[in-house]
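Visitor: turn this into a structure:
(one chain, ligands or ions: 1)
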Amino acid sequence: MENEQRKAAPKSYPKKKVSEAACPVSRKCGGCQYQGMAYSEQLKKKQKQEESLLGKFCKVSPMIGMEHPLHYRNKVHRAFGRDRKGNIISGPYEAGTHHIVPVENCLIEDEKCQEIIHTIQGMLKSFKIKTYDEDTGYGLLRHVMVRRGFQSGEIMVVLVLGSPILPSKNNFVKALRKVHPEITTIVLNINDKKTSMVLGERDIPLYGPGFIRDRLCGCTFRISPGSFYQVNPVQTEILYGTAIRLAGLSGKENVIDAYCGIGTISLIAAAHAKKVIGVELNKDAVRDARRNAKENHITNADFFQGDAGEFMLAMAESGERADVVFMDPPRSGSDEKFLSSAVRLSPEKIIYISCGPESLAEDLKYLSGHGYIVEKIQPIEMFAFTSHIETICCLRRKK
Ligand code: SAH
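Guide: I've put the predicted structure just below:
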């Protein structure tokens, strides 16, 4: 707690140096809305936005910012294609389009992951691997995604292909690993659909186990290509630590972790609770969560695959109770089915983790109109240089 408050003191954040590191493609890329703005200013702006959206529910605590706000993203994704001259290019899509913006060095993404993508780009010609053309459906390589476990050092490379055959695949793996022996797994993901989703449904491990492991808050987590994993692991430890502390678990509680992903919050909370139930829609993530429980020798956590709202409704209808509900929905927030069932389960506390303050405000309006008091609102920086805001909110049932 003290440590977090010390970190929250605005004067400890970089003021000038970072704003000078402006990115030459930031306008086109659109990924960083706040490039060129001093980091301390970004924090102030986000704080103001939080206060105007959420201040009516409770005082907003000062945002916990980052000490080192550059190259924090553990996951890098690049679309592949060709420019007008036929040269291979890779980069994110220009905002709202499918035009690739070639990027040399993204300031918020991990440098090692980017280096690996540059190496792959340089190998394509000699391996006669064509990039995929979205209009004609011709070509092979659509995207590359690289994820690095910041604590474990394990690295996963995912090659997203339009069809399942990679020419000279063994030599490709050998050549890539010769330059980057630190890569621990390489996966082919097959996406043969006309879609703007990056990943297709089929994964074929080419090298290594097909997943990486990483550590957070003392637990080890395996992460499959399609599973959600927080992109800013340094701040994630603060996020989860704060969430668990606000829940005030004593070891006697029945806990629900809704939208649980690979079971991170569930398994960290399990050591402080009687029983944890996690629910998550993505099948790969649920499989990861179950394995993660085993690998961490946790026996009081169960995971269910399905829609969180449906699951909560079924729990409420069968007369179950919960003491604490953690919920961490996507940016669009939760839905009424979930919220009304959560209220019926009548937990003493709801710990709401949100990456969308607008939808959070909507959901808080519902919960505070149905018997809950908002006790604490704690913004935590997870997305420096972008306008995205992460918030933890602690709600308590009225006596
Ligand atoms: N708490 C996790 C994951 C948060 S991201 C963590 O910190 O890592 C939100 C998660 O909600 C994703 O894993 C996504 O697959 C899942 N999700 C999205 N819609 C859902 C729904 N309707 N029901 C259950 N889970 C859902």
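Visitor: spatially nearest residue to the residue in the chain that the ligand sits nearest to (excluding sequence neighbours)?
Guide: In the chain, the residue that lies nearest the ligand is residue 261 (3.0 Å; C-beta to the nearest ligand atom). For the C-beta atoms, the positions are set from N, CA and C on the backbone; glycine is no exception. Excluding its sequence neighbours, the residue lying closest to residue 261 (C-beta to C-beta, 6 or more residues apart in numbering) is residue 228, at 4.4 Å.
Visitor: and if you look at residue 217?
Guide: The shortest distance from residue 217 to any non-neighbouring residue, by C-beta to C-beta, 6+ apart, is to residue 268 (4.8 Å).
Visitor: using the three-state scheme, assign the one you found.
Guide: Counting by DSSP: H, G, I helix; E, B strand; the rest coil, the backbone at residue 268 sits in helix.
Visitor: tell me, how many residues neighbour it?
Guide: By other C-beta atoms under 10 Å, 23 other residues sit near residue 268.
Visitor: one more: residue 94?
Guide: 16.
Visitor: OK, contacts around it?
Guide: The contact partners of residue 94, by C-beta atoms under 8 Å, 6 or more residues apart in numbering, come to 28, 29, 30, 100, 101.
Visitor: now residue 388
Guide: 355, 382.
Visitor: also residue 199?
Guide: Residue 199 neighbours (C-beta under 8 Å, 6+ apart): 145, 158, 160, 189, 191, 225, 226.
Visitor: bridging residues for the spatially closest residue to the second one that is not a sequence neighbour?
Guide: Meaning residue 158. Leaving aside its chain neighbours, residue 158 sits nearest to residue 145 (4.3 Å; criterion: C-beta to C-beta, 6+ apart). Following DSSP bridges, residue 145 is listed with bridge partners residue 77, residue 158.
Visitor: count the neighbours of residue 145 for me.
Guide: Residue 145 has 20 nearby residues by other C-beta under 10 Å.
Visitor: I'd guessed it sits against residue 198; true?
Guide: Yes. Proximity of residue 145 to residue 198 meets the contact threshold set by C-beta atoms under 8 Å, at 6.8 Å.
Visitor: quick check: neighbours shared by these two?
Guide: Listed as contacting both residue 145 and residue 198 by C-beta under 8 Å, 6+ apart are 77, 160.
Visitor: show me where the stretch 51-200 of the chain has helices.
Guide: Assigned by DSSP state H, counting those that start in this stretch, the helices in the stretch 51-200 of the chain fall at 111-123, 169-179.
Visitor: winner for burial among the ones you listed?
Guide: Of the helices of the stretch 51-200 of the chain, the one with the most neighbours on average (mean count of other C-beta atoms under 10 Å) is helix 111-123, at a mean of 18.
Visitor: with mean pLDDT and distance to residue 385 added, can I get the helices of the stretch 51-200 of the chain in JSON lines?
Guide: Listed next are these as JSON lines, based on pLDDT from 0 to 100; distance: least, C-beta to C-beta, whole Å:
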{"stretch": "helix 111-123", "mean pLDDT": "98", "distance to residue 385": "15"}
{"stretch": "helix 169-179", "mean pLDDT": "98", "distance to residue 385": "29"}
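Visitor: what would these look like in JSON lines with distance to residue 55?
Guide: Shown next, in JSON lines, are the helices of the stretch 51-200 of the chain (distance: least, C-beta to C-beta, whole Å):
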{"stretch": "helix 111-123", "distance to residue 55": "38"}
{"stretch": "helix 169-179", "distance to residue 55": "50"}
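Visitor: tell me the SS of the residue nearest the centre of the chain?
Guide: Nearest to the geometric centre of the chain sits residue 230, at 3.0 Å (C-alpha atoms, centre = their mean). Following three-state DSSP, the label given to residue 230 is coil.
Visitor: confidence score at the closest residue in space to it that isn't next to it in sequence?
Guide: Distance criterion C-beta to C-beta, 6+ apart; nearest residue to residue 230, sequence neighbours excluded, is residue 236 at 4.1 Å. pLDDT, residue 236: 98.
Visitor: residue 236 and residue 119, how far apart?
Guide: 28 Å (C-beta to C-beta, to the nearest Å).
Visitor: ditto for residue 76
Guide: Counting by C-beta to C-beta, the separation of residue 76 from residue 119 is 13 Å.
Visitor: for residue 262, phi and psi?
Guide: Main-chain torsions, residue 262, degrees, to the nearest 10: phi -90, psi 10.
Visitor: before we move on, the earlier item: surely the residue nearest to residue 217 touches residue 216?
Guide: Yes. Using C-beta under 8 Å, residue 268 is in contact with residue 216, at 7.3 Å.
Visitor: who touches both of those two?
Guide: Here residue 268 and residue 216 have residue 240 as joint contacts, going by C-beta under 8 Å, 6+ apart.
Visitor: so residue 325 is in contact with residue 344, correct?
Guide: No. Between residue 325 and residue 344 there is no contact under C-beta under 8 Å: 11.3 Å.
Visitor: who has more neighbours out of those two?
Guide: A count of neighbours by other C-beta under 10 Å puts residue 325 above the other of residue 325 and residue 344, at 26 against 16.
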